[in-house]
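Peer 1: structure, please.
(2 chains)
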Amino acid sequence: SQQGEEDPQALSIQEGENATMNCSYKTSINNLQWYRQNSGRGLVHLILIRSNEREKHSGRLRVTLDTSKKSSSLLITASRAADTASYFCAPLTGANNLFFGTGTRLTVIP
Amino acid sequence: DVKVTQSSRYLVKRTGEKVFLECVQDMDHENMFWYRQDPGLGLRLIYFSYDVKMKEKGDIPEGYSVSREKKERFSLILESASTNQTSMYLCASSGQGAFYEQYFGPGTRLTVT
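Peer 2: Purely as a prediction, here's the structure:
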């Protein structure tokens, strides 16, 4: 399968804590993207990391990529209740299609 | 502001009906996609299109067809709806370029009874 696989499937934390989600994939990639989905809605692009990058930041988000291990992680710092959502990683393969996994369901408790 | 719209948020159809799901984007994007999302299965690609009148099968095209007569519009057609097509359908678009970030519509939750 070319899809990303997120881990854990579900995560529950207190507001203010950091949340870390992991992603593994199996093929070579051009880049890897992270998306957020609020309940029952469409996905929203969060951040993209290219295959030649190792780390990228955007606001409270930090993404790492290890192409030798075919893995990525998304860190959300100082979480807020509004961060409650499902998070998906999507590797972009040579065919230029994104392959989404089943996501990590994050719950941030106020 | 980037926008992808879908014709309906909720739709209820009967088995055997022909169903049209419409998607419109206002970003002049070349690429458009249809996914379905089911619990435990994630997003699965049904069809995509790289240009007007062009279409490519995704991972699960059986039971579906698509139409792209204009650049901004991509339609998903269920020729004869079945109960196993009850799902959330998501449309997305992306421009040409190195990154292929996708922009999603709000989704259509289709129930086939």
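Peer 1: where are the low-confidence patches of chain B?
Peer 2: Applying pLDDT under 70 to chain B flags the ranges B:1-2, B:97-99.
Peer 1: helices and strands around whatever helix or strand residue A:6 lives in, which ones?
Peer 2: Per DSSP states H and E, residue A:6 falls inside strand A:5-7. Other helices and strands packing on strand A:5-7, by 3 or more C-beta pairs under 8 Å, 6 or more residues apart in numbering or on different chains; DSSP states H and E, are strand A:19-24, strand A:85-92. Quick note: C-beta positions are derived from backbone N, CA and C, even for glycine.
Peer 1: identify whichever of those strands lies nearest to residue B:28.
Peer 2: strand A:85-92 (20.9 Å; C-beta to C-beta).
Peer 1: what sits up against that closest one?
Peer 2: With contact meaning C-beta atoms under 8 Å, 6 or more residues apart in numbering or on different chains, strand A:85-92 is reached by A:2-4, A:6, A:21, A:23, A:25, A:27, A:29-39, A:43, A:46, A:72, A:74, A:98-101, A:103-106, B:42-43, B:99-100.
Peer 1: distance of the residue nearest the centre of chain B from residue A:69?
Peer 2: The residue lying closest to the centre of chain B (C-alpha atoms, centre = their mean) is residue B:34, at 2.8 Å. Distance, residue B:34 to residue A:69, using C-beta to C-beta, to the nearest Å: 32 Å.
Peer 1: on that earlier part again, give the PyMOL command for selecting the buried subset of the contacts of strand A:85-92.
Peer 2: The buried subset of these, as determined by 16 or more other C-beta atoms under 10 Å in any protein chain shown, is captured in PyMOL by this line:
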select buried, (chain A and resi 2+3+4+6+21+23+25+29+30+31+32+33+34+35+36+37+43+46+72+74+98+99+100+101+103+104+105+106) or (chain B and resi 42+43+100)
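Peer 1: and the nearest residue to residue A:6 once chain neighbours are set aside, what does it touch?
Peer 2: Counting by C-beta to C-beta, 6 or more residues apart in numbering or on different chains, residue A:6 lies nearest to residue A:104, which is 4.4 Å off, once chain neighbours are set aside. The neighbours of residue A:104, taking C-beta under 8 Å, 6+ apart as the test, are A:6, A:7, A:8, A:9, A:10, A:11, A:21, A:86, A:87, A:88.
Peer 1: which one is the fifth one nearest to, not counting chain neighbours?
Peer 2: Meaning residue A:10. residue A:105 (4.5 Å).
Peer 1: what about residue A:20, neighbour count?
Peer 2: Residue A:20 has 16 neighbours, counted by other C-beta atoms under 10 Å in any protein chain shown.
Peer 1: pretty sure it sits against residue A:73.
Peer 2: Yes - shown here, residue A:20 and residue A:73 form a contact pair, counting by C-beta atoms under 8 Å, at 5.9 Å.
Peer 1: how about the residues of chain B near chain A?
Peer 2: B:4, B:35, B:40-43, B:45, B:48, B:58, B:88, B:90, B:92, B:98-107, B:109 (C-beta under 8 Å from any C-beta of the partner chain).
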